[in-house]
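My questions are about this predicted structure, shown below with the sequence.
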Amino acid sequence: MKTILILIIASTSIFGSVSLDSVDNKILNYTYNDETSKAAQLISERIKKYPGDPKYYFLELGNDIMHSIVLVNSAAAERKFQVRDSLNNLAIEKAEKYLDMFEDNAETLEDKFYVGGFHGYLARFYGLDRSYMSAFSSAKNGQKIMEDILEENPDFNDVYLLLGMSYYFADRLSGFIGFVAGILGLSGDRDKGIDYIKRAADKGELSFAQAAISLVEIYTRLEDNEYPAFPYFEKFLKKFPNSSYMINWYCRELLDLNMTERVEMFIETDSLNLVDDIVKQRYHFAIGNYEVSEKYWQKIEKEKSVYWRWFYDQASFTNTLNSVMIEGKAPSVDESLGDNYKDLLSGILKNTIELKQYIEFQSAINRNQQVDIEQSLNSLKSSEVKSAVRLNYGIYLINGKKFNEAEPFFDEIRKSQLQLFNYMGCKFLGVIYTNIDVDREKAENLLDEIEDKEYERIEFAASEMIKKYDL
């Protein structure tokens, strides 16, 4: 968790409001459209031509980060962390070297911005290396430089990205690590941090891409709240439409919320084969194309060695449900699955007849067909399957902004003894209470439960609800 936090603090400080020419814009397009090798070549040519300009060393580090994502994702599962750590060690050497080259020679605001960015990169790289004192020190140095720039030019909008990340993640750090960050002067403010990052995403020039990625990261992975992330996915992909990294991330989040029509758009227009097989497998299962989904599973299984564990587990879970629909019986459960998936399957596989009813119900919703929710619930006996039906129907109502109608479904799910459903009930009630007015006591009780059960991600997402009801 802490590694992720430090990674984002610095990885989002890549660009700023600076002078750009046509080659610089090409570099940016290559960097974020999955053509990092082309970007590296142009950067190398520019460094040879302008060896005293910190901009191209700065762009090089940014491009290296995006290229490392490609290298790590393509590495064998058991080697991913080894590859990441090796690349990170090289990145530390580069960033330290570039900081030494330019730190004492920064005269213009633009030069100062790059130096602040080098400190930001080092915070990221040290964090991944678990050198937390060095990471916080670099983050603080970068923050100080960016604050100095704003004193001279408050409209230097790209500066707000690093400052926003510093405020946000200082608020997220806890325990001894948070204590150390506080000693070093990194003060936290979640709301101020997000506002600053949004300013960089909306008004920044070179910071746009990483600001959008950062907001997506915050909302989907750190706060488990997909809805506010979607506009930033869309803004990013409008500018960089060939980013397979962001396309697949967006599609996974859409599928989690049963928004299959948007995923279909990506699949049907995928002339460059940017959508991965796990997304295609999940999409075809979601709309009832079980045989097609099975074919993608066969491809996934053959390439198992390159997938991150959690992506493969999700695909394996989908395949188990897919097998029920194709074969009509419960298959054996993959013992290597994570506990959440195994716990869920142990309940729902007890009655394959009801499970098939649920899957058909979900597929009908995903195809925008009319469903009779009361009849569907009355025909079921399994509490786990009933909870799954309520969950999917409730999400369907939220997607249609029918928040009042959705509320009782999540109230019921919240009572589940299965932690997964209890968590989901709390999560989506938070979404509902933020979008409509309910009794303050209701909101307070929900927040108490989230805190008592230590649902850390949705506790931070509940910040909007806390502000609304003055909790």
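Nice, thanks for sending it over.

Low-confidence regions, the stretch 151-300 of the chain specifically.
Within the stretch 151-300 of the chain, the stretches with pLDDT under 70 are 174-186.

In PDB, list the C-alpha atoms belonging to the lengthiest helix in the chain.
Longest helix of the chain, by residue count under DSSP state H: helix 80-102. Output of helix 80-102 as PDB, limited to C-alpha atoms (Å, rounded to 0.1, in the frame of the first residue of the first chain):
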ATOM      1  CA  LYS A  80       7.500  -9.100 -12.500                       C
ATOM      2  CA  PHE A  81       8.700  -7.600  -9.100                       C
ATOM      3  CA  GLN A  82      12.300  -8.500 -10.000                       C
ATOM      4  CA  VAL A  83      12.000  -6.700 -13.300                       C
ATOM      5  CA  ARG A  84      10.300  -3.700 -11.600                       C
ATOM      6  CA  ASP A  85      13.000  -3.500  -8.900                       C
ATOM      7  CA  SER A  86      15.800  -3.700 -11.400                       C
ATOM      8  CA  LEU A  87      14.300  -0.900 -13.600                       C
ATOM      9  CA  ASN A  88      13.800   1.100 -10.500                       C
ATOM     10  CA  ASN A  89      17.400   0.900  -9.400                       C
ATOM     11  CA  LEU A  90      18.400   2.200 -12.900                       C
ATOM     12  CA  ALA A  91      15.900   5.000 -12.500                       C
ATOM     13  CA  ILE A  92      17.400   6.100  -9.200                       C
ATOM     14  CA  GLU A  93      20.800   6.300 -10.800                       C
ATOM     15  CA  LYS A  94      19.500   8.400 -13.600                       C
ATOM     16  CA  ALA A  95      17.400  10.800 -11.500                       C
ATOM     17  CA  GLU A  96      20.200  11.400  -9.000                       C
ATOM     18  CA  LYS A  97      22.600  12.100 -11.900                       C
ATOM     19  CA  TYR A  98      20.200  14.600 -13.600                       C
ATOM     20  CA  LEU A  99      19.500  16.300 -10.300                       C
ATOM     21  CA  ASP A 100      23.200  16.800  -9.800                       C
ATOM     22  CA  MET A 101      23.500  18.200 -13.300                       C
ATOM     23  CA  PHE A 102      20.900  20.900 -13.000                       C
END
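
average pLDDT for it?
For helix 80-102, mean pLDDT rounds to 95.

Tell me the first helix or strand C-terminal of that helix.
helix 109-128 (DSSP states H and E).

Report the angle between that following helix and helix 80-102.
Angle, helix 109-128 to helix 80-102, by axes from the mean of the first three to the mean of the last three C-alpha atoms, to 10 degrees: 150 degrees.

Use 34 as the first number from now on
Shifting the count to begin at 34 puts that one at helix 142-161.

chain center to helix 142-161, what's the gap?
22 Å (C-alpha atoms, centre = their mean, to the nearest Å).

again with stretch 122-139
With C-alpha atoms, centre = their mean, you get 29 Å for stretch 122-139.

can you pull the buried residues of it?
124-125, 127-129, 131-132, 135-136, 139 (16 or more other C-beta atoms under 10 Å). Where you see a C-beta, it was placed from the backbone N, CA and C, and this is true even at glycine.

where's the most centrally placed residue in the chain relative to residue 130, distance?
Centre of the chain computed as the mean C-alpha position; nearest residue by C-alpha atoms, centre = their mean is residue 250, 3.5 Å away. To residue 130, residue 250 is 28 Å away according to C-beta to C-beta, to the nearest Å.

what does the helix or strand hosting residue 454 rub up against?
For residue 454, the element it lies in under DSSP H and E is helix 452-468. With contacts defined as C-beta atoms under 8 Å, 6 or more residues apart in numbering, helix 452-468 is touched by 257-258, 260, 373, 376-377, 417, 420-421, 424, 427-428, 431, 434, 436, 439-440, 443-449, 471, 475-476, 479, 482-483, 486, 488, 491, 494-495, 497-498, 501-502.

Name the nearest residue to residue 280, ignoring sequence neighbours.
residue 307 (5.3 Å; C-beta to C-beta, 6 or more residues apart in numbering).

same question, residue 491
residue 460 (4.9 Å).

next one: residue 104
Per C-beta to C-beta, 6+ apart, closest to residue 104 is residue 116, 6.1 Å.

Tell me how far that neighbour lies from residue 227.
32 Å.

neighbour count winner among the two?
For the pair residue 116 and residue 227, the greater number of neighbours falls to residue 227 (23 against 16), based on other C-beta atoms under 10 Å.

The more buried one contacts residue 197, doesn't it?
Yes - shown here, residue 227 and residue 197 form a contact pair, counting by C-beta atoms under 8 Å, at 6.8 Å.

Is residue 291 in a helix, a strand, or coil?
coil (DSSP: H, G, I helix; E, B strand; the rest coil).

For it, the count of nearby residues, please.
Around residue 291 there are 19 residues (other C-beta under 10 Å).

so it touches residue 400, yeah?
No - if you go by C-beta under 8 Å, residue 291 and residue 400 don't touch, sitting 10.4 Å apart.

Go through the helix holding residue 454 and flag the buried ones.
453-468.

Just the closest of the residues you listed to residue 188, please.
residue 467 (31.4 Å; C-beta to C-beta).

and the closest one, how far is that from residue 309?
32 Å.

Then residue 416?
34 Å.

ditto for residue 162
For residue 162 relative to residue 309 (C-beta to C-beta), the value is 29 Å.

out of these two, which sits in the more crowded spot?
Between residue 162 and residue 309, counted using other C-beta under 10 Å, the more crowded position is residue 309 (20 against 17).

Can you give me the neighbour number for the nearest residue in space to residue 259 that is not next to it in sequence?
Nearest non-adjacent residue to residue 259, counting by C-beta to C-beta, 6+ apart: residue 286, 4.7 Å away. For residue 286, the count of nearby residues is 21 (other C-beta under 10 Å).

after the helix or strand where residue 286 lies comes which helix or strand?
Following DSSP H and E, one finds residue 286 within helix 277-289. Later in the chain than helix 277-289, the nearest helix or strand by DSSP H and E is helix 293-301.

which of the residues in that next one are buried?
Buried, per 16+ other C-beta under 10 Å, within helix 293-301: 293, 295-297, 299.

Please apply the same query to stretch 375-393.
Buried, per 16+ other C-beta under 10 Å, within stretch 375-393: 377-378, 380-382, 384-385, 387-388, 390-392.

What is the end-to-end distance of it?
21 Å (C-alpha to C-alpha, to the nearest Å).

Other residues contacting that stretch?
Counting by C-beta under 8 Å, 6+ apart, 321, 350, 353-354, 357-358, 361-363, 366, 368, 370, 409, 412-418, 421-422, 451, 453 sit against stretch 375-393.
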